[in-house]
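Enquirer: any chance you can model this:
(chains A and B)
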Amino acid sequence: GQQVMQIPQYQHVQEGEDFTTYCNSSTTLSNIQWYKQRPGGHPVFLIQLVKSGEVKKQKRLTFQFGEAKKNSSLHITATQTTDVGTYFCAGPRGNKLVFGAGTILRVKS
Amino acid sequence: DGGITQSPKYLFRKEGQNVTLSCEQNLNHDAMYWYRQDPGQGLRLIYYSQIVNDFQKGDIAEGYSVSREKKESFPLTVTSAQKNPTAFYLCASSIEVGGGLDEQFFGPGTRLTVL
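Expert: Now for the predicted structure:
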């Protein structure tokens, strides 16, 4: 069945450095969603990408959807300690969402 | 103040006991979901419901049961048949089940520990 793979599993950066997490699907996706889960918290929706090649920005966060709609990335510019958490991508499979395993981001100040 | 509530936040049970986790939403959402989260893994779908009195198995439904008697409520029972029940359980809802086109709103989660 459809799988959504995320890399890296874990990244530890110095505050001010950039961070990128990548999401790859075994099948073409109609859309992709990104969520953030703070330590000890619950996932919170960040954004949804629908169009091939789409790029969306939220302040220091840049989200991209690949031309083939099988991959996506989230890039954070100049990380801050408030960026710590786990970032998940999720793609639809029928009436359900399939989540990647997530990328854990730690920021050292 | 709209949202999803889950109770309790922490739950301890002895092995062999059934336990029911509560999930309530006042967002007037049609669809509700239960996920299980283990360390280092993503969210795995246990059950979901698109409408009252109807629900579907997710990827890891064995050892779990649900009911959807009211639109606002979607309780999950972890039965003694679940071999490894210790985990973080998350409930979510969305406006409707539409091929994953709607964002999901998550509750704060219940951390279940079976001793």
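
Enquirer: which SS class is B:Asp59?
Expert: Put simply, B:Asp59 is coil when judged by DSSP: H, G, I helix; E, B strand; the rest coil.

Enquirer: up against chain B, what does chain A have?
Expert: Contact residues (CB under 8 Å from any CB of the partner chain) of chain A with chain B: A:4, A:6, A:9, A:30-31, A:33, A:41-45, A:48, A:88, A:90-97, A:99-102. C-beta: built from backbone N, CA, C; applies to glycine.

Enquirer: and if we set it to 7 Å?
Expert: With CB under 7 Å from any CB of the partner chain as the criterion, chain A meets chain B at residues A:30-31, A:33, A:42-43, A:45, A:48, A:88, A:91-92, A:94-97, A:99-102.

Enquirer: selecting buried members of the residues you listed in PyMOL, what would you type?
Expert: Command for PyMOL that selects the buried part of the residues of chain A next to chain B, burial taken from 16 or more other CB atoms under 10 Å in any protein chain shown:
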select buried, chain A and resi 31+33+42+43+45+48+88+91+92+96+97+99+100+101+102
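
Enquirer: which one is B:His29 nearest to, not counting chain neighbours?
Expert: B:Ser93 (3.9 Å; CB to CB, 6 or more residues apart in numbering or on different chains).

Enquirer: what helix or strand is that neighbour located in?
Expert: strand B:87-94 (DSSP states H and E).

Enquirer: B:Tyr47 too?
Expert: Here B:Tyr47 is assigned to strand B:43-51, by DSSP H and E.

Enquirer: need the contact list for the residue nearest to B:Ile60 when sequence neighbours are not counted.
Expert: Leaving aside its sequence neighbours, B:Ile60 sits nearest to B:Arg44 (CB to CB, 6+ apart; 5.1 Å). By CB atoms under 7 Å, 6 or more residues apart in numbering or on different chains, B:Arg44 lies in contact with B:35-36, B:59-60.

Enquirer: at 10 Å what do you get?
Expert: A:98-99, B:34-38, B:58-60, B:87 (CB atoms under 10 Å, 6 or more residues apart in numbering or on different chains).

Enquirer: tell me the spacing between it and A:Gln9.
Expert: 16 Å (CB to CB, to the nearest Å).

Enquirer: same question, B:Gln41
Expert: 10 Å.

Enquirer: give me the common contacts of those two.
Expert: A:101-102.

Enquirer: how far away is the residue nearest to B:His29 from B:Val114?
Expert: Distance from B:Ser93 to B:Val114, by CB to CB: 26 Å.

Enquirer: okay, the two: which has more neighbours?
Expert: B:Ser93 (28 against 18; other CB atoms under 10 Å in any protein chain shown).

Enquirer: what's across from the more buried one in the sheet?
Expert: B:Met32, B:Phe105 (DSSP bridges).

Enquirer: correct me, but it touches B:Arg68?
Expert: No: taking contacts as CB atoms under 10 Å, B:Ser93 lies outside contact range of B:Arg68: 11.4 Å.

Enquirer: spit out the residues that contact those two alike.
Expert: B:32, B:48-49, B:74.

Enquirer: nothing else from me, thank you.
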